[in-house]
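>>> below are the sequence and a predicted model; questions follow.
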Amino acid sequence: MTELSYFNLGFRSENILEELNNLIQQKGVNDLILFDALSIVKDCVSLKEENAISNNLTPSGYELTSLVPLVFTIFPGKKVDETIAQLKDILEAIEELIKKEKIATDRTEKIRTFFSTLSKLCLAQINNLSVERSMAIH
Amino acid sequence: MQDKIARAEVNRKLKVLLNHCTQLQGQFYPSKGPRILLILLQKIIKQILSRFNLYNSIQITLIGSLCNTIERFIGYVDTSEMSEVPWSIIPALGKLFGIIRPNCEFIICPVWETTYAIYNSNLIQDLRARIIEAPKLLFERDDKFQENINNFMKDQPQGLYFLFYPRIERLSVLHFSLLGHEIGHLSADEWLQINWSQFLDKFKIIPKLSEYFDKKLKSLNRPPQLFDQQYIRISTSRSLEIFKKIMKELLSDIFGVLVFGPSSLFSSYIFALNSQFNDVTNVSNGYLPWRYRLRILKRVLLDLNIEVLKDKFGKWLDLVFTTCDDQSDLDALRTTPDLDYILILLDAIDKSFDDLCGDLKIIVRDNSFNKISNNEDHNEVLSRLKDGITPNAIMFDNLKEKPIDIRTIVSGTWSYLTKIPLDDIGEYLKESTLANLLSLKAIELSTIQENFNNDTSKRRNN
């Protein structure tokens, strides 16, 4: 169910952005939301280009066909292996945050940008699907 | 200000949808599924409204898009109201559905197009995983999160599925068996999850595909290039996805004929007349030429005594079998550019056919057509239809009645149909329409009688 998957991913991304804002403003942070962020990025790190046409699911249960078009466009101009390298860096940064370690501002910003872009892409994909559906009827 | 307008609009939409969920619960539905879904959607919307001020503006926009999806689901439920569906076959369909999905419900949705389909994503699972378990949507992400979700989902069935069928066939019992194929999709998915990798390994499909695409590159007679290996890898991957879709359809075909017997063959033949028997245009969507698919159905049916089949279905059977036996569909695949690799899969299917059927027979168990069909019941259906009586039961000398299995009713109706001369289409339609209506009623009566007999027997044993 692709629209629901995009909804779920977009909504969770927004939750994570709010927690990162709390972190930057040195307010209380919900660790469970950070674990959520970790699981999303872990899903992304395991992707391969061929997955774009696979009917399988990620470990979190997202359709690969839903996730791949998003992830490989999040870093414009970057090739697949460069994208995966970026994602691995984000993964490490989140793991450090969960361990309550201080991380550099630019790495926090990297996490923020990732989830902000992911959220917007999810919304765009939902709109896309809706338009395709209307065009199919007409 | 823009944010406030957007919030007001989404809030309004949610309330309108909530209103519809409440109103639609007042309609009559032929199965439990519609009401279950309406109540669940109602709960979801109420919970979202109760937390509305906690969402940020992007989340509000996302919820706005969620409203569109909910709206669509409500639309399906709205069309599944009693007057629009073949409600007399619903209890029978429920029984068949229960073969492979016990404790699950379905919603039968008529559509104004010639399509039979199942939304083979479990809606309960999807709504739970994507909406109800979305952190901070319905519940705070805290240590009570899981407990809240479990309470919210209490008393829900294990699954809920949409089944789509052509509204135009509401009064056609003959096409009932095509829904067997759709239900078979659920078993096909399970089979693929468990067995697909083994199947690929056993028949060395991946190496054969790689070799095929390598040969294609070599036939270009040019030096090897940088992205050749990537081309082989991606082409193989793409081909495997198409193979998976094809297997899904074929396994569903086999399921359909195991459960419905000859009815499945004839209804598929009639459906195939909408296109051409060697049509290869939809192979990449998993649909092999109909001639091939009919040949598969025939192969499964040969478990039945072929002479008995000929006796029951005569010239129609000869026609369908002749159509199958012509192998021009394989030539079409062989000679269509970029489709001949499909033969790699068909070779594997041919070699593993008995095993595939064996696996599905285990799922179907005692509910296979072979186990329930008998000549006495079949002949009773024919005899009653000839006399213009509902063919729902066989009466014994002591005036006791035994309900006839719904699949024998459908099969018997096909048999009756094959004996009506086609010279005068008007007469043929008149007789076949009457037979259809009598059989629809028979299916309803047979199911009611069987349920009554089972209940009575249980009470006596208690």
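Alright, I've got the coordinates. Numbering: from 1, shown residues only, chains lettered A, B, ... in the order given.

>>> where's the helix or strand containing B:T61 relative to the chain centroid, distance-wise?
Taking DSSP states H and E as the criterion, B:T61 maps to helix B:57-79. Chain-centre distance of helix B:57-79: 25 Å, with CA atoms, centre = their mean, to the nearest Å.

>>> so which elements touch it?
With contacts defined as 3 or more CB pairs under 8 Å, 6 or more residues apart in numbering or on different chains; DSSP states H and E, helix B:57-79 has these neighbours: helix A:2-24, helix A:105-137, helix B:2-24, helix B:33-50, strand B:104-111. Placement of C-beta: from N, CA and C, glycine included.

>>> tilt between the second one and helix B:57-79?
Relative orientation of helix A:105-137 with respect to helix B:57-79: 30 degrees, computed using axes from the mean of the first three to the mean of the last three CA atoms, to 10 degrees.

>>> again with the shortest one
Orientation note: strand B:104-111 sits at an angle of 80 degrees relative to helix B:57-79 (the same axes, to 10 degrees).

>>> what about the helix or strand just after strand B:104-111, average pLDDT?
Following strand B:104-111 in sequence order, the next helix or strand is strand B:117-119 (DSSP H and E). For strand B:117-119, mean pLDDT rounds to 86.

>>> ok, strand B:117-119: who's next to it in the sheet?
strand B:159-166 (antiparallel) (DSSP bridges).

>>> what's the separation between B:S121 and B:R295?
Between B:S121 and B:R295 the computed distance is 30 Å (CB to CB, to the nearest Å).

>>> now do B:L123
35 Å.

>>> more neighbours: the two, which one.
Taking neighbours as other CB atoms under 10 Å in any protein chain shown, B:L123 and B:R295 compare with B:L123 leading, 25 against 19.

>>> might you report the residue contacts of A:S130?
A:E3, B:S65, B:N68 (CB atoms under 8 Å, 6 or more residues apart in numbering or on different chains).

>>> show me just the buried residues among those residues.
A:E3, B:S65 (16 or more other CB atoms under 10 Å in any protein chain shown).

>>> pLDDT and distance to A:L64 for the contacts of A:S130 - can I get that in JSON lines?
JSON lines is the format used below for the contacts of A:S130 (pLDDT from 0 to 100; distance: CB to CB, whole Å):
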{"residue": "A:E3", "pLDDT": "89", "distance to A:L64": "16"}
{"residue": "B:S65", "pLDDT": "94", "distance to A:L64": "21"}
{"residue": "B:N68", "pLDDT": "94", "distance to A:L64": "24"}
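
>>> could you export the contacts of A:S130 as JSON lines, including distance to B:S31?
Below are these laid out as JSON lines (distance: CB to CB, whole Å):
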{"residue": "A:E3", "distance to B:S31": "25"}
{"residue": "B:S65", "distance to B:S31": "29"}
{"residue": "B:N68", "distance to B:S31": "25"}
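
>>> got the residues of the stretch 201-350 of chain B near chain A?
B:R233, B:I234, B:S237, B:R238, B:E241, B:K244 (CB under 8 Å from any CB of the partner chain).

>>> for residue 30, the count of nearby residues, please.
All of this is about chain A. 18.

>>> wait, chain B was what I had in mind.
22.

>>> enumerate every residue touching it.
Taking CB under 8 Å, 6+ apart as the test, what B:P30 contacts is B:S80, B:M82, B:V85, B:W87, B:I90, B:I108.

>>> please give the element, helix or strand, for the fifth one.
Using DSSP H and E, B:I90 maps to helix B:90-100.

>>> any regions of the chain where pLDDT drops low?
Just so you know, I chose chain A. By pLDDT under 70, the low-scoring segments of chain A are A:1, A:49-55, A:134-138.

>>> meant chain B, my bad for not saying
Ranges of chain B meeting pLDDT under 70: B:120, B:304, B:306-307.

>>> need the longest helix for it.
helix B:425-461 (DSSP state H).

>>> B:F106 and B:L127, how far apart?
15 Å.

>>> so the one residue in the stretch 151-300 of chain B that gets nearest to chain A: helix, strand or coil?
Scanning the stretch 151-300 of chain B for proximity to chain A using CB to the nearest CB identifies B:S237 as nearest, at 4.0 Å. On the three-state scheme (DSSP: H, G, I helix; E, B strand; the rest coil), B:S237 is labelled helix.

>>> just give the number of residues close to it.
18.

>>> follow-up on the earlier one: of the residues of the stretch 201-350 of chain B next to chain A, which is the nearest to A:F7?
B:E241 (24.9 Å; CB to CB).

>>> and the closest one, what element?
B:E241 belongs to helix B:228-260, assigned by DSSP H and E.

>>> and the very next helix or strand once past that helix with helix B:228-260, angle?
As assigned by DSSP H and E, the chain's next helix or strand after helix B:228-260 is helix B:262-272. With the same axes, to 10 degrees defining the directions, helix B:262-272 sits at 130 degrees from helix B:228-260.

>>> pull out the buried positions in helix B:262-272.
Buried residues in helix B:262-272 (16+ other CB under 10 Å): B:P262, B:S263, B:S264, B:L265, B:F266, B:S267, B:S268, B:Y269, B:F271, B:A272.

>>> isn't the first one up against B:S411?
Yes. Distance between B:P262 and B:S411: 5.5 Å, which falls inside the contact criterion (CB atoms under 8 Å).

>>> quickly list what's touching both of these two.
In contact with both B:P262 and B:S411: B:K312, using CB under 8 Å, 6+ apart.

>>> okay, now B:L356: neighbour count?
20.

>>> is it true that it touches B:D350?
No. The pair B:L356 and B:D350 does not pass the contact test of CB under 8 Å, sitting 10.2 Å apart.

>>> which residue packs closest to B:Q25, ignoring adjacent ones?
In space, and not counting its chain neighbours, B:Q25 is closest to B:L38: 5.2 Å by CB to CB, 6 or more residues apart in numbering or on different chains.

>>> quick one, what contacts the one you found?
B:C21, B:L24, B:Q25, B:I74, B:V77.

>>> likewise B:D228?
By CB under 8 Å, 6+ apart, the neighbours of B:D228 are B:L217.

>>> ok, B:K32 next?
B:E105, B:P157.

>>> could you rerun that using 6 Å?
Neighbouring residues of B:K32 by CB atoms under 6 Å, 6 or more residues apart in numbering or on different chains: B:E105.

>>> next one: the one 5 residues further on
Each residue near B:L37 by CB under 6 Å, 6+ apart is listed here: B:V77.

>>> now with 8 Å?
B:F73, B:V77, B:I107, B:L123, B:L160.

>>> quick one on the thing from earlier: can you put the residues of the stretch 201-350 of chain B next to chain A in CSV and add distance to B:L309?
Listed next are those as CSV, based on distance: CB to CB, whole Å:
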residue, distance to B:L309
B:R233, 47
B:I234, 46
B:S237, 42
B:R238, 40
B:E241, 37
B:K244, 32
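
>>> and these, which of them are buried?
Buried among those by 16+ other CB under 10 Å: B:R233, B:I234, B:S237, B:R238, B:E241, B:K244.

>>> OK, contacts around the closest residue to chain A within the stretch 1-150 of chain B?
Residue nearest to chain A within the stretch 1-150 of chain B (CB to the nearest CB): B:R130, separated by 3.8 Å. B:R130 sits next to A:M1, A:L4, A:S5, A:F7, A:N8 when contact means CB under 8 Å, 6+ apart.

>>> nice, that's everything, thank you.
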